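Engineer: Quick one, what's the 3D model for this:
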Amino acid sequence: MSLAVSIAAVISAIASGIGLIDKISDQVESFLSKRKEPAVPKEHRLKIEGSGSEIVARSHGQVVQKITGEDLQKLPEPMLKHIMVLEKSMQNHYDLWAAVYPQRNASPDPIVNAKVEQQLKNIVSAMKDDFIGILSFLQSCGIHLDDHYMHIRHLVGQV
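Structural biologist: Predicted structure coming up:
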C-alpha cells in the first residue's frame, strides 16, 4: 500500500499526542476535580510512548503491548491522517493551556480568578475531542487503556 503520509510521521504524531496527554493529565484532573495539584507528578502504572518504529505500552516498565509500523500500514489512510490532525490540534490546545494554567488562582481579585477558571474550562472543552480521539485510536489499535488514560478520558468526557 502506498501511503501519502509516512508511517514514521504517524508514529511521531501518536507519540506526541499521548505525550501531551501525559503532560497535562494531572493538571486537568486537579482542575476538573477542584483539588490541589500534587507537588510531585504522579507515577503512573501504564505509560504509552513512541519507540522507534512502534508505539509501546509499558506497565511498571515492562512492555505489555505494541503497535508496529506494519500494523499501522493496514489502517485506512484517512484514519492515519486524522490522528495527525488530532495531535496538531492537541498541541495548539496544550500551548494555550500552558499559558493560562499558571494564572489559576494567582490574582487577589476573585473575578479575575473566575475568568481564568472559565478560560481553562473552555480549553478543556475544546480539547475534549482530541483527548478522546487519540485515546480511542490507540484502543482501536488494540492498546488496553488503563490507569490515568482511562481516568482522564472519563473526566474530560464529562466536560
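Engineer: Which helix or which strand is home to Met79?
Structural biologist: Per DSSP states H and E, Met79 falls inside helix 77-100.
Engineer: which residues does the closest residue to Arg104 other than its chain neighbours contact?
Structural biologist: Once its chain neighbours are removed from consideration, Arg104 has its nearest residue in Val116; the separation is 5.7 Å (Cβ to Cβ, 6 or more residues apart in numbering). Where C-beta positions appear, they are placed from N, C-alpha and C, glycine not excepted. Residues in contact with Val116 (Cβ atoms under 8 Å, 6 or more residues apart in numbering) are Val100, Gln103, Arg104, Asn105, Ala106, Ser107.
Engineer: In which helix or strand does the spatially most central residue of the chain reside?
Structural biologist: The central residue of the chain, meaning the one whose C-alpha is nearest the mean C-alpha position (Cα atoms, centre = their mean), is Ile21 at 2.5 Å. Secondary-structure element containing Ile21, defined by DSSP H and E: helix 7-32.
Engineer: And for Ile67?
Structural biologist: Secondary structure assigned from DSSP H and E places Ile67 in strand 62-68.
Engineer: how near is the residue nearest to the centre of the chain to Ile134?
Structural biologist: If you measure Ile21 against Ile134 using Cβ to Cβ, to the nearest Å, the figure is 7 Å.
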